[in-house]
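Chemist: Sequence plus the predicted model coming up.
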Amino acid sequence: MRVLTTISDCRAERAKHHQLAMVPTMGALHAGHAALIELAHQYATSVAVSIFVNPTQFGPREDFNRYPRPIDDDLELCRRGGVDFVFNPPVEEIYASAIPDVIVDLPSLSTLLEGKHRPGHFKGVCQIVAKLFNIIRPDFACFGQKDYQQLRIISAMVGALNWPIQIVPCPTLRDPDGLAISSRNRYLSPAERQRALSINKGLRLAEAQINAGINQTNRLTTTIQNLLLEQHLAIDYIASVDPITLKMVEVVTGPTLFAVAARVGTTRLIDNLLVKPPWDLVIPNAPRGVS
Ligand code: PAF
């Protein structure tokens, strides 16, 4: 496995591969990233991973400096995952100071949900992903559904800019207790981790209520809210939105994304669940023979 730190070396390495699937990451790799790498192998004969903690997507009071950077463990996980090459540039290689900022933004999607609580976050994400796509020129790029809004924005960016890249979503990986796997989980104390389980429990309970016929989203989000408040989580948002437009949904009549962001102590966690109501599959008063 080759590890490249400059753009020119990365381009030279990329030229040696035909169909390429990439997994963009900020390192601190875990089982969720291993699943993305495995998925990438199903799409292309070569797989690349980028490891770059991107400063432009962190707010001034966020955890850029304390974000974990266990590069040796990360490279080992990539090696075990059969990755062909890793791009791991220093910040100066990506953001040379003489180059003016280029902003790629999709405001109709980037100012909602996470974007409201982390102003400028998705501008930073689009900036780095656009640069990585131009440097690595993947045919496929795999992203986790835990960061659903990121996945949606990147798919929309690729479509809007006509890049010949297929965005491949990967289902959220969970620990056996249901906690969505995230690099930030390592900040949680055992007691905080227990409290954090209320996020997934709340989402599952809302899903059970939908299956029992409740479709008003204010009732469903209140269910989630009560579980989080019982565990003293500080809620940033609990939202029910259309999975394509990310606009708020008041009544569940089709696929709906329930998205949560909350802080447990100083750790901010996000999770979501895409629900498809059972009655979506039923044709009411279907004529005989149609099901
Ligand atoms: O999801 C992440 O790890 C990052 O936001 C990404 C897509 C690698 C861009 O820095």
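Modeler: Yes, it's here. Numbering: from 1, shown residues only.

Chemist: Just the element for the nearest residue to Ala234 once chain neighbours are set aside, please.
Modeler: Excluding its sequence neighbours, the residue lying closest to Ala234 (Cβ to Cβ, 6 or more residues apart in numbering) is Arg263, at 4.3 Å. C-betas here are computed from N, CA, C, even on glycine. Arg263 is part of strand 256-264, with elements assigned from DSSP states H and E.

Chemist: What is that strand packed up against?
Modeler: helix 148-160, helix 190-211, helix 217-230, strand 234-241, strand 267-275 (3 or more Cβ pairs under 8 Å, 6 or more residues apart in numbering; DSSP states H and E).

Chemist: Flag every buried residue along the shortest one.
Modeler: With burial defined by 16 or more other Cβ atoms under 10 Å, the residues of strand 234-241 counted as buried are Asp236, Ile238, Ala239, Ser240, Val241.

Chemist: what does that strand rub up against?
Modeler: 112-113, 116-117, 202, 217, 220-221, 224-225, 228-229, 247-250, 252, 256-263, 268 (Cβ atoms under 8 Å, 6 or more residues apart in numbering).

Chemist: List the buried residues in stretch 38-54.
Modeler: For stretch 38-54, by 16+ other Cβ under 10 Å, it's 39-41, 43-44, 46-54.

Chemist: I'd like the average pLDDT over it.
Modeler: Average pLDDT, stretch 38-54: 98.

Chemist: tell me how far the ends of that stretch are from each other?
Modeler: 24 Å (Cα to Cα, to the nearest Å).

Chemist: How far does the strand holding Arg263 sit from its chain's centre?
Modeler: 13 Å (Cα atoms, centre = their mean, to the nearest Å).

Chemist: repeat for stretch 12-31
Modeler: 17 Å.

Chemist: Could I get the buried residue list for that stretch?
Modeler: Of the residues in stretch 12-31, those buried (16+ other Cβ under 10 Å) are 13-14, 17, 20-30.

Chemist: just those residues that are near the ligand?
Modeler: By Cβ under 6 Å from any ligand atom, the members of those lying near the ligand are Pro24, Thr25, Met26.

Chemist: So which of the residues you listed are in strands?
Modeler: Pro24, Thr25 (DSSP state E).

Chemist: re earlier: so what are the sheet partners of the strand holding Arg263 and their directions?
Modeler: strand 234-241 (antiparallel), strand 267-275 (antiparallel) (DSSP bridges).

Chemist: contacting residues around the residue of the stretch 51-200 of the chain found nearest the ligand?
Modeler: Closest residue of the stretch 51-200 of the chain to the ligand, Cβ to the nearest ligand atom: Asn54 (4.0 Å). Residues near Asn54 by Cβ under 8 Å, 6+ apart: Met26, Ile94, Gly124, Val125, Gln127, Ile128.
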